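Enquirer: Provided below for reference: sequence and predicted model.
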Amino acid sequence: MDVSGGSGQPRSGNDEPAQSPADPTTPDGPRTAPAPGRKTEETPKASGDNRPGSAPEPTGGPTDRDHAGDSPGTGGAPPPPSPPQRPPAGAHGTGPGADAHPDRAHAHSAPGGPRPPRRPREPGGGILMGRPFGVPVYVAPSWFLVAALITWVFGGQLDRVLPELGAARYLVSLFFAVAFYGSVLVHELAHTLAALRFKLPVRRIQLQFFGGVSEIEKEAETPGREFVLAFVGPLLSLVLGGVFYLALQPVERGTVPGVLLAALMISNLIVAVFNLLPGLPLDGGRMLRAVVWKITGRPMSGTVAAAWVGRALAVTVLIGLPWVSQSGALGDAAEGSVGVDTVTDALLAAIIAAIIWTGAGNSLRMARLREHLPELRARTLTRRAVPVETGTSLAEALRRANAAGARALVVVDGHGEPLAIVRESAIVGVPEHRRPWVSAGELAQDLTEGMRVSAELAGEQLLDVLRATPATEYLVVEETGEIYGVLSAADVERAFVKAMARPS
């Protein structure tokens, strides 16, 4: 699609009749804009709403209004925020916290750990350890905390099993912590390889507190692929458990190698079993989602079912884990444990339950957002623009815009080719008495190729394009190169927030 040209002929971004002219000298507040995906209905007001250079509305958080049609002057002080991030598609992880990322969070857990949101291009999030298969692997700072915890706890157990080790037991424990997270990395690489096999881009792998996460950029296209994508992680953990079991057979019991191999076998089996529990944000929840999706034909139905099972699982963990630990079901040693052990069990259960509950809720919210994303269409969010030449005074440019019912200004050359967009915030900064002496070109931002947006873009595709070239305004053009209007990043953000808040 060639969007590099432009005829210079403005068109209404809402395909509506032009708004009646407004007096550029009478400021007034902005009007209420339509919900994302709906056409703007403009009602002329005596005070001149929505004309270029009108009084700014404070920005700073979601409001009832979606100013899809504010004038070039509504930006006031700071420039509008950058376009919202495209919702992540699926983060496959090991550990209950692997999904602190909403639905991108195909998170999958072993006893343990949270993880926060997103960032598109190569986000950081820790120390870069390498790029297997071209995917960056990061170790989050929280990993060092859990490694120290594992070293301390496992060292105490080694003191009972191998008292002759002395202080060296902590070196053995540290080796176990590193080897265990090596197993977690294999689990995540399984998700990553499956995603790459299905041509789904993977942003990064992150090892963190209580586990890891593979951040996959897009949703699987079919329930079958979703099932495979989720299942390969626990499958690899089961395979690793079997490998460590076979390696344990020729090794003498009661030795350092024997204890390490047994611990790695058990830990990988726990990771596999925990991740197979059928509730979001775990791998088993993704598998359940795929099954319900296949039966109903609706991915949202699968997400809702798996998320509520995940919440039920969180309650079960909160109540059941301390009870099982203290009831003697785990052996006689557990029967007599009281005091600190009881508090520790309850605290661990509360942390895991909270992480699972939060991950399930995030998955629901992001699934709802993804349902509404197609409503974010460049064509319906675009403001009508008028072309002006570089030397045109700002006062004259605003007069033409008001006469045409437009809310944006595009600077063009003598042949009508677009050169720049007059910045909304710059217009507000020019006092009225100076506008006849300031040219539109002085306030304009030169167009780069990334600032030309096709009027046909919508949903994730639109967000991807805007995110690739951060700016406050974009020129929207038809496939022929004809100017369609100007798209404000603030309008997209407001529509994004509004879509997020709407029920499915």
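Expert: All right, it came through fine.
Enquirer: Every contact and neighbour count from this point should use C-alpha atoms.
Expert: Will do.
Enquirer: by contact count, what packs against the helix or strand Pro322 falls within?
Expert: Taking DSSP states H and E as the criterion, Pro322 maps to helix 299-327. Where contact means 3 or more Cα pairs under 8 Å, 6 or more residues apart in numbering; DSSP states H and E, helix 299-327 is packed against helix 283-296, helix 332-335, helix 340-372.
Enquirer: All the strands of this structure, in order from the start?
Expert: For the chain, the strands defined by DSSP state E occupy 90-94, 127-130, 137-139, 202-208, 211-216, 385-389, 408-412, 418-422, 444-446, 452-454, 473-477, 483-488.
Enquirer: Which neighbouring elements make contact with the fourth one?
Expert: Spelled out, it's strand 202-208. Going by 3+ Cα pairs under 8 Å, 6+ apart, strand 202-208 lies up against strand 137-139, helix 141-161, helix 169-197, strand 211-216.
Enquirer: Could you list the buried residues of it?
Expert: When burial is assessed from 16 or more other Cα atoms under 10 Å, strand 202-208 yields the following buried residues: 202-208.
Enquirer: Which of those residues sits closest to Asp159?
Expert: Gln208 (27.1 Å; Cα to Cα).
Enquirer: The closest one touches Leu145, doesn't it?
Expert: No - applying Cα atoms under 8 Å as the test, Gln208 and Leu145 come out as separate, 9.3 Å apart.
Enquirer: got the helices and strands packed on helix 299-327 as a markdown table, with mean pLDDT columns?
Expert: What follows is the helices and strands packed on helix 299-327, written out as a markdown table (pLDDT from 0 to 100):
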| stretch | mean pLDDT |
| --- | --- |
| helix 283-296 | 96 |
| helix 332-335 | 46 |
| helix 340-372 | 82 |
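Enquirer: residue ranges with poor pLDDT in the stretch 301-450 of the chain?
Expert: Scanning the stretch 301-450 of the chain for pLDDT under 70 picks out 328-341.
Enquirer: Now do the contacts for Asp413.
Expert: 389-390, 419 (Cα atoms under 8 Å, 6 or more residues apart in numbering).
Enquirer: re earlier: would you mind getting the angle between the helix holding Pro322 and helix 340-372?
Expert: 180 degrees (axes from the mean of the first three to the mean of the last three Cα atoms, to 10 degrees).
Enquirer: deepest of the strands of the chain, which one?
Expert: Highest mean neighbour count of the strands of the chain: strand 90-94, a mean of 36 (counted as mean count of other Cα atoms under 10 Å).
Enquirer: Let me see the mean pLDDT of it.
Expert: Here strand 90-94 scores 63 as its mean pLDDT.
Enquirer: pretty sure Pro278 is touching Val291, no?
Expert: No - applying Cα under 8 Å as the test, Pro278 and Val291 come out as separate, 10.8 Å apart.
Enquirer: Now do the buried residues in the helix holding Pro322.
Expert: Neighbour counts over helix 299-327 (16+ other Cα under 10 Å) mark 299-315, 317-318, 321-322, 324-326 as buried.
Enquirer: now swap in stretch 344-353 and tell me
Expert: Neighbour-count burial for stretch 344-353, counted by 16+ other Cα under 10 Å, picks out 345-346, 348-353.
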